[in-house]
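**Q** Pasting a predicted model and its sequence here:
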Amino acid sequence: MQYIFGHKNPDTDSICSALALSYYYNNKNIYSKPFRLGPIQPETKFVLDYINISPPNLLENVFIQISDLPYNTPSALNSSSSLVETYKQMETEGIRTIAIVDNDNKILGLVTMKDIAMHLMHGDFYEMHSTMENIKNNLDGIIHCNYNEEIKGAIPIIASHSELMEKGIKLSPDSIVILSDVYAMVEKTLDSKIKLLVVCGVNSLPIEIINKAKAKKINLMTTSKDIYRVSKIITRSNSISTIMRTNNILSICEDEYLNEIKDMFENERYNYFPVVDKNNRYLGLLNRAHLLSPTRKKVVLVDHNELNQSALGIEEAEIIEIIDHHKLGGLITHLPMSFLNKPLGSTCSLIYEKCIQENINISKEIAILLLAGIISDTLCLQSPTTTDYDREIVIALAKKTNVNYREFATQMFEEGDNSMHLTLEQLIKKDYKEFNIEGERVGISQLFTLSCKRFKQEKESLEKELLKRMNDKNLSLILFVVTDILNNGSYIYFKSTNPSILRQAFSLKNSPTQGFFVKNLLSRKKQILPALASSFIKY
């Protein structure tokens, strides 16, 4: 699966492009899912509600998890399975360790091929703990009387009934007796209360013997195998639960992270560990070899290409593709990838272009998502980042969806303007990004609003919030850019170790004051960042 997501603090273009690109890939039969790295903003929520689409799931990180590893997925067996059945299953699947589970598929223990071999060499050959079904299958037997599915008891050594009497061997209700097809001996044995009688060398018995076993409620079985063979192999019918390892079984949940369980492998002497789901149900077996070449999550980044704007653990992921319209951010990848970067007004414009080039039919819902992403990022085609191609796409999408894009934009911006309902701290975090400019850490938050009155009134509180964030993040400069959609410009609130940077960047006549206004300043990417970069070079 491919994980598709935009940047932290996602805006409308970031969310819409992730959804649209997932649609594109799934139409090409490449399984992909869109995700988000932060909360859905009111403007974006309006768009998703408009077309009745659920928001992408929140993605906390892309660190390598156990679920990403190619661990073994051999069959598991029930604890009542026999030794011989377990051995055959392991031989068939070519494995040396097998999991034993209960009826809910939860781990009870582990058995290795060595465990079975050691038991067959050194185990107790005179104790049975099995089931009638296991014994029948192992001996190719026929059950004539069955009163106890579980068979647990001892196997006395008896060659004849007279020997039984001479040696003083006492039969008990738990005795499991193996006899040849000497019917007189069989009848004498049935006089005692025993658990199971196995008659060797025959498949059928006289009705009198069967009726006697029924009257005594004794389990009765026949097998065509001779008594010598049966005495050698009957204990292979024992349930695997008699030898499985149950102590210190360390199960690993598939959601755990690789870097958190590596130490466990170093400290434990066992080679295999059961993998379970969050409900402790068995999934497979993990061994040390699986850690040597872990499978990375396959990710596609949209609307960003900088490490500090991406998901936690991005260094451990395999980046398949980046589609973005921002400047390059120095992201280093492990392998070559596809990279699409053009100076357009929106990432959604790039995804529209991909769909058109590859003849992907764009549904009405996806068309509205693309339209919303472009309108949002270009401020309804007013931003200096807007290109003629963006305008062509908007007109084409508006026609396809029968949506008046100007009215749609007004509704979007009105729904998205929640500046009166959030705290100053929340507003600063809402669309906040960090950049490295000439070796200096710079934070820029931008808010698009229809009313800027509040910020003029709370100027001092805003300055304190900016100072706190600058110190917490160890920044040289932090800007809170309040973009006035109606008046086509931005008010800038700031804290800086060198305010002269701003005077130079925005061509101010005097030293900057809190909330200074810059006409036609709308784009962080196209206007603010280049202006700051030029100013930092001079200072």
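**A** Done, it's in. Numbers count the residues shown, from 1 in each chain.
**Q** Contact partners for residue 146?
**A** Counting by CB atoms under 8 Å, 6 or more residues apart in numbering, residue 146 touches 132, 219. The C-beta positions use only the backbone N, C-alpha and C, and glycine is treated the same way.
**Q** For it, grab phi and psi.
**A** Torsion angles at residue 146 (phi, psi; degrees, to the nearest 10) stand at phi -140, psi 110.
**Q** Next, work out how far apart it and residue 175 are.
**A** 17 Å (CB to CB, to the nearest Å).
**Q** Also residue 427?
**A** Applying CB to CB, the value for residue 427 to residue 175 is 83 Å.
**Q** for residue 520, same thing?
**A** Residue 520 is 100 Å from residue 175, by CB to CB.
**Q** and if you look at residue 56?
**A** Taking CB to CB, one finds residue 56 at 67 Å from residue 175.
**Q** what's near enough to touch the residue lying closest to residue 60 once chain neighbours are set aside?
**A** In space, and not counting its chain neighbours, residue 60 is closest to residue 312: 7.0 Å by CB to CB, 6 or more residues apart in numbering. Contact analysis of residue 312 by CB under 8 Å, 6+ apart lists 60-63.
**Q** Most neighbours among those, which one?
**A** residue 62 (25 neighbours; other CB atoms under 10 Å).
**Q** That one and residue 296, how far apart?
**A** From residue 62 to residue 296 the distance is 8 Å (CB to CB).
**Q** Can you pull the residues that touch both of those two?
**A** 316-317.
**Q** Count the neighbours of the residue nearest to residue 484 when sequence neighbours are not counted for me.
**A** Take residue 484 and drop its neighbours on the chain: the residue closest to it by CB to CB, 6+ apart is residue 452, 5.2 Å away. Neighbours of residue 452 under the rule other CB under 10 Å: 21.
**Q** In contact with residue 452, which residues?
**A** Contacts of residue 452 by CB under 8 Å, 6+ apart are 482, 484, 491.
**Q** So residue 223 versus residue 144, what's the distance?
**A** Taken as CB to CB, the span from residue 223 to residue 144 is 11 Å.
**Q** And for residue 511?
**A** 105 Å.
**Q** of those two, who's got more company?
**A** A direct count of neighbours by other CB under 10 Å for residue 511 and residue 144 places residue 144 higher, at 17 against 10.
**Q** Give the helix, strand or coil label for the more buried one.
**A** strand (DSSP: H, G, I helix; E, B strand; the rest coil).
**Q** what do you get for residue 339?
**A** strand.
**Q** could you say which helix or strand contains the spatially closest residue to it that is not a sequence neighbour?
**A** Sequence neighbours aside, residue 322 is the residue nearest to residue 339 in space, at 5.0 Å (criterion: CB to CB, 6+ apart). Using DSSP states H and E, residue 322 falls within strand 318-324.
**Q** List of residues touching that strand?
**A** 2, 17, 21, 296-305, 331, 333-335, 337-341, 347, 350-351, 354.
**Q** now stretch 392-402
**A** Contacts for stretch 392-402 (CB under 8 Å, 6+ apart): 349, 352-353, 362, 364, 367-368, 370-371, 374-375, 381, 403-405.
**Q** which residues in the stretch 301-450 of the chain form helices?
**A** 347-357, 364-377, 388-401, 405-416, 424-430 (DSSP state H, counting those that start in this stretch).
**Q** For these, state which one has the densest average packing.
**A** Among these, ranked by average contacts under mean count of other CB atoms under 10 Å, first place goes to helix 364-377 (a mean of 26).
**Q** Show the average pLDDT along that helix.
**A** What helix 364-377 shows for mean pLDDT is 97.
**Q** Report all helices and strands that it contacts.
**A** Judged by 3 or more CB pairs under 8 Å, 6 or more residues apart in numbering; DSSP states H and E, helix 364-377 is in contact with helix 12-27, helix 42-50, helix 347-357, helix 388-401, helix 405-416.
**Q** pLDDT (mean, whole number) over the second one?
**A** Put plainly, it is helix 42-50. 95.
**Q** Do I have it right that residue 286 meets residue 275?
**A** Yes - between residue 286 and residue 275 a contact is recorded at 5.2 Å, counting by CB atoms under 8 Å.
**Q** Name the residues contacting each of those two.
**A** Common neighbours of residue 286 and residue 275 are listed as 66, 71, 252 (criterion: CB under 8 Å, 6+ apart).
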